[in-house]
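Participant: 3D, please:
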Amino acid sequence: MTGPVPLAVVETAQHPTTTSSTTITVRDAVFDLMRRFGMTSVFANPGSTELPMFRDFPSDFRYVLGLQEASVVGMADGYAQATRNASFVNLHSAAGVGNAMGNIFTAHKNRTPMVITAGQQARSILPFNPYLSSAQATELPKPYVKWSIEPARAEDVPLAIARAYYIAMLPPCGPVLVSVPVDDWDRAAELVPTRVVSTELRPQPAVLAQIADALNASDRPAIVVGAAIDRDNAWNEVVALAEAHNARVWVAPMSGRCSFPEDHRLFAGFLPAMRERIVQQLGGHDLILAVGAPAFAYHIEGAGPHIPAGATLCQLTEDPDTAAWAPVGISAVGSIRLGVLDLLARPPQKVRPLPPAKGTVPRAEPSPLMSVAYVLQTLAEAKEPDDIVVEEAPSARAVMQSYLPITRSEAFYTMDSGGLGYGMPAAVGVALGKPQSRVICLMGDGSSMYSIQALWSAAQNKLPITFVILNNRRYAALQEFAPVFGFSPTDVVQGTELPDIDFQSLAKGMGCTAARVTGPTELREVLDRALASNAPNVVEVRVA
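Facilitator: Numbers count the residues shown, from 1 in each chain. Got it, this is the predicted structure:
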């Protein structure tokens, strides 16, 4: 687990570093800034309009090559979350940003701090609509970046990147974009001075006092946890809050991080993204405290109340927009960690009995064509508690929540967006950001094909990642969701069958060791061998 989140963004050097040349260029000033911000890994796919940036590339920097822009942004997302610092991305003009938009959307939903630079054609020919220019460079990534700019002058580029970094790191964190014309990098500029910018905003005490009073007055409180808890390093504080009040803890729908130990006595389970079922599962609670999560994320249309009758809803969120659209209740906005610490400073006024324990799931049994439950149960027994799981297997997620419990902070990452193409490259980024950790990337066969290029980056960087691909030869999530939209069990759902993908050949072609498991007798042995390796391994598992 990393150390606590700093109270402020502070560059590592107290003064700008000097350059040996008599003229400081935009490139010199930007590299100096990146070094002081700790952004010395550059996630990129090269293009002609970006080449001048990388002339005389610093020896203490690392260029992480992705073979497609979606993979580049996915890797940067995983790296930023693992290191708790903004990652630096370089994309190619309009086409590169367009290719990356799916994972830029995911970074926006994941609240991942990320400074994206995109190439632009030379300023002198922009009036002539040149080849490979971006006609509306600042508009293209909206609304999924917090800020975007193409500086008016070349000498303004370093200041724009400094501002972009601070905006990316201010809560709620997120990606930003700076469009840089190709001829800017060699222009003269000035070094940007060191600044300190606070990134932890304390929730308003009067609103927190209302929440604390409601929590203390309740008889049967429930806490709904979301991804912002783990992002804000508030895991231990939330566990302490739940234990102080003997509150049952539910995970918010579609949460991209694990924010409470799933083997804890107070853990109650996962809420679905359906209004009526949320109300049903939270029934019996008289107070619901959503911490670091929307109240609530829905996936399908619903009706009726948002919370059970007689219950009060309170919310602690880092995002003013999330607070604004909450349908009912009290919302406090600010740092999750600081807000929970303030709630802990108000001890409970009553002793509550322990709520009923969550039921246990039956063991999954082996069968010739293995169930997903059996595979994930075996994986849970093979892995260590500190191993990190990066997941993108939508149809298996409910099974994973029963058979592959996550019990440690910073040990689980998935996409808050629901968009595919994140998991494989994110696993690469997490492994780069946490080089002492072992990473398991759990993928569906359909999901794998969105950013399969990430296997090459894993192989080139010799990363200890075990990619487990659950191959059911179909887009199972769509087939299972079809009845919601009026399909009968016997209807054909067009475009959802995926026969004849040879993941072993794809993995080996990218430079990874690969194995295919078709039966239960060999599963544990293959997983143990892959997990013990210091190189990337792909394990394709045929499942029912």
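Participant: A244: what's it in contact with?
Facilitator: Contact analysis of A244 by C-beta atoms under 8 Å, 6 or more residues apart in numbering lists 344, 347-348. For the C-beta atoms, the positions are set from N, CA and C on the backbone; glycine is no exception.
Participant: again, only this time at 6 Å
Facilitator: P348 (C-beta atoms under 6 Å, 6 or more residues apart in numbering).
Participant: that one falls within a helix, correct?
Facilitator: Yes: applying DSSP: H, G, I helix; E, B strand; the rest coil, one finds A244 inside a helix.
Participant: gap between it and A217?
Facilitator: In this view, A244 and A217 are 15 Å apart by C-beta to C-beta, to the nearest Å.
Participant: try G433
Facilitator: Separation of G433 from A217 (C-beta to C-beta): 43 Å.
Participant: show me the domain layout of the protein.
Facilitator: The record's domain parsing of the chain by automatic domain parsing lists 8-198, 205-344, 372-542.
Participant: pipe these into CSV and attach distance to K358 and mean pLDDT per row.
Facilitator: Shown next, in CSV, are the domains of the chain (distance: least, C-beta to C-beta, whole Å; pLDDT from 0 to 100):
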stretch, distance to K358, mean pLDDT
domain 8-198, 27, 92
domain 205-344, 6, 96
domain 372-542, 10, 94
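Participant: can you redo the ones you listed as JSON lines with distance to G359?
Facilitator: What follows is the domains of the chain, written out as JSON lines (distance: least, C-beta to C-beta, whole Å):
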{"stretch": "domain 8-198", "distance to G359": "31"}
{"stretch": "domain 205-344", "distance to G359": "9"}
{"stretch": "domain 372-542", "distance to G359": "10"}
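Participant: leaving out chain neighbours, which residue sits closest to the spatially most central residue of the chain?
Facilitator: The centroid of the chain falls nearest to N110 when counting by C-alpha atoms, centre = their mean (4.5 Å). By the measure of C-beta to C-beta, 6 or more residues apart in numbering, the closest residue to N110 outside its immediate chain neighbours is D416, 5.0 Å from it.
Participant: report the secondary structure state of that neighbour.
Facilitator: D416 ends up coil, using three-state DSSP.
Participant: what sits against it?
Facilitator: Contacts for D416 were tallied using C-beta under 6 Å, 6+ apart; they are 109-110, 256.
Participant: more crowded one of G433 and A217?
Facilitator: More neighbours surround G433 than the other of G433 and A217, with 23 against 13 (other C-beta atoms under 10 Å).
Participant: ok, the more buried one - contacts?
Facilitator: Contacts of G433 (C-beta under 6 Å, 6+ apart): 79, 82-83.
Participant: ditto for H285
Facilitator: Contacts of H285 (C-beta under 6 Å, 6+ apart): 220, 222, 311.
Participant: then R346?
Facilitator: R346 neighbours (C-beta under 6 Å, 6+ apart): A212.
Participant: contacts made by the top helix by length along the chain with the rest, please.
Facilitator: When the chain is parsed with DSSP state H, its longest helix is helix 93-110. Counting contacts by C-beta under 6 Å, 6+ apart, the residues outside helix 93-110 that touch it are 49, 69-70, 73-74, 77, 91, 114, 118-119, 132, 134, 140-141, 144, 174-175, 256, 415-417, 419, 421-422.
Participant: against A273, how distant is the residue nearest to the centre of the chain?
Facilitator: For N110, the distance to A273 - C-beta to C-beta - is 17 Å.
Participant: again with Q436
Facilitator: Distance from Q436 to A273, by C-beta to C-beta: 35 Å.
Participant: cool, A95 as well?
Facilitator: 34 Å.
Participant: so which strand or helix has the closest residue to R363 other than its chain neighbours?
Facilitator: In this structure, R363 finds its nearest non-sequential neighbour in Q377, 6.8 Å apart by C-beta to C-beta, 6+ apart. In the assignment (DSSP states H and E), Q377 maps to helix 372-382.
Participant: got a list of contacts for that helix?
Facilitator: Residues from elsewhere that reach helix 372-382 (C-beta under 6 Å, 6+ apart): 364, 366, 396, 399-400, 403-404, 470, 523-524, 527-528, 541, 543.
Participant: and that helix, which residues are buried?
Facilitator: Within helix 372-382, the residues that count as buried by 16 or more other C-beta atoms under 10 Å are 372-379, 382.
Participant: pull the next helix or strand after the longest helix of the chain out as PDB, backbone CA atoms only.
Facilitator: Next in sequence after helix 93-110, counting helices and strands by DSSP H and E, comes strand 114-120. Backbone C-alpha positions of strand 114-120 (Å, rounded to 0.1, in the frame of the first residue of the first chain) are rendered in PDB as follows:
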ATOM      1  CA  MET A 114      -3.700  12.400 -16.700                       C
ATOM      2  CA  VAL A 115      -1.900  15.000 -18.700                       C
ATOM      3  CA  ILE A 116      -2.500  14.300 -22.400                       C
ATOM      4  CA  THR A 117      -0.500  16.100 -25.000                       C
ATOM      5  CA  ALA A 118      -1.600  15.800 -28.600                       C
ATOM      6  CA  GLY A 119       0.400  16.900 -31.700                       C
ATOM      7  CA  GLN A 120      -0.700  19.600 -34.000                       C
END
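Participant: helices or strands next to strand 114-120 in the packing?
Facilitator: In terms of contacts (3 or more C-beta pairs under 6 Å, 6 or more residues apart in numbering; DSSP states H and E), strand 114-120 is packed against strand 87-91, helix 93-110, helix 157-169, strand 175-181.
Participant: in JSON lines, list these along with distance to D491.
Facilitator: Shown next, in JSON lines, are the helices and strands packed on strand 114-120 (distance: least, C-beta to C-beta, whole Å):
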{"stretch": "strand 87-91", "distance to D491": "41"}
{"stretch": "helix 93-110", "distance to D491": "28"}
{"stretch": "helix 157-169", "distance to D491": "45"}
{"stretch": "strand 175-181", "distance to D491": "39"}
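Participant: just name the most buried of those.
Facilitator: The highest mean neighbour count among these, using mean count of other C-beta atoms under 10 Å, belongs to strand 87-91: a mean of 29.
Participant: ok, residues contacting it?
Facilitator: 39, 42-44, 50, 69, 76, 79-80, 97, 100, 114-118.
Participant: over to stretch 519-527?
Facilitator: Taking contacts as C-beta under 6 Å, 6+ apart, the residues outside stretch 519-527 that touch it are 366, 370, 378, 382, 515, 517, 539.
Participant: need the buried ones from those residues selected in ChimeraX.
Facilitator: Buried residues within those, by 16+ other C-beta under 10 Å, are selected in ChimeraX with:
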select :370,378,382,515,517,539
